[in-house]
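When you get a sec, could you give me coordinates for this:
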Amino acid sequence: KKYRKRIETLFSQLCDQFMIRRNYAKTFEGFKTRILAKITTLTSIQFFNKFVFQRNINNLKINLA
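As a prediction, this is how the structure comes out:
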């Protein structure tokens, strides 16, 4: 149950905040690059939340100040 909620939250954030469904790439290479950039960004934010700021990894919209 805990893992399912985390995965559903992750997919929701990718769709809502990173707009993964809206993609205006002209080629397949552009599509792959954009999707990879969005997933890499999400993973980086989660890493910083967990190991640098000691927060919940799914809190993406928190001010740093």
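
Centre-most residue in this structure?
L42 (2.9 Å; Cα atoms, centre = their mean).

low-scoring pLDDT stretches of this protein, where are they?
62-65 (pLDDT under 70).

Which parts of it are helices?
2-16, 28-47 (DSSP state H).

Give me whichever of the ones you listed is most buried.
helix 28-47 (a mean of 13; mean count of other Cβ atoms under 10 Å). Quick note: C-beta positions are derived from backbone N, CA and C, even for glycine.

who's in contact with that helix?
The contact list for helix 28-47 (Cβ atoms under 8 Å, 6 or more residues apart in numbering) reads L10, Q13, L14, F18, I20, N23, A25, I57, N58, L60.

Mind checking which of those are buried?
The neighbour count (16 or more other Cβ atoms under 10 Å) marks L10, Q13, L14, F18, I20, I57 as buried among the contacts of helix 28-47.

Pull the most distant pair out of the residues you listed.
I20 and I57 (17.9 Å; Cβ to Cβ).

which residues sit in contact with I20?
I20 neighbours (Cβ under 8 Å, 6+ apart): L14, I35, K38.

and it, what are its phi and psi?
phi -70, psi -20 (degrees, to the nearest 10).

E29 versus that one, what's the distance?
Distance, I20 to E29, using Cβ to Cβ, to the nearest Å: 17 Å.

Ok, C15 next?
23 Å.

about what we covered before: nearest approach to F53 belongs to which of the helices of the chain?
Among the helices of the chain, helix 28-47 sits nearest to F53 (Cβ to Cβ), with 10.1 Å.

how big is the angle separating the closest one from helix 2-16?
130 degrees (axes from the mean of the first three to the mean of the last three Cα atoms, to 10 degrees).

How far off centre is helix 28-47?
8 Å (Cα atoms, centre = their mean, to the nearest Å).

can I get the CA coordinates of that helix in PDB?
What follows is helix 28-47, C-alpha atoms only, in PDB (Å, rounded to 0.1, in the frame of the first residue of the first chain):
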ATOM      1  CA  PHE A  28      11.700  10.500 -31.800                       C
ATOM      2  CA  GLU A  29      15.200  11.600 -30.600                       C
ATOM      3  CA  GLY A  30      13.700  14.900 -29.400                       C
ATOM      4  CA  PHE A  31      10.900  13.000 -27.600                       C
ATOM      5  CA  LYS A  32      13.400  10.700 -25.800                       C
ATOM      6  CA  THR A  33      15.500  13.700 -24.800                       C
ATOM      7  CA  ARG A  34      12.600  15.600 -23.400                       C
ATOM      8  CA  ILE A  35      11.200  12.600 -21.400                       C
ATOM      9  CA  LEU A  36      14.700  11.800 -20.100                       C
ATOM     10  CA  ALA A  37      15.200  15.400 -19.000                       C
ATOM     11  CA  LYS A  38      11.900  15.500 -17.100                       C
ATOM     12  CA  ILE A  39      12.600  12.200 -15.300                       C
ATOM     13  CA  THR A  40      16.200  13.200 -14.500                       C
ATOM     14  CA  THR A  41      14.900  16.500 -13.000                       C
ATOM     15  CA  LEU A  42      12.400  14.700 -10.900                       C
ATOM     16  CA  THR A  43      15.000  12.200  -9.700                       C
ATOM     17  CA  SER A  44      17.400  15.000  -8.800                       C
ATOM     18  CA  ILE A  45      14.800  16.900  -6.800                       C
ATOM     19  CA  GLN A  46      14.000  13.700  -4.900                       C
ATOM     20  CA  PHE A  47      17.700  13.000  -4.200                       C
END
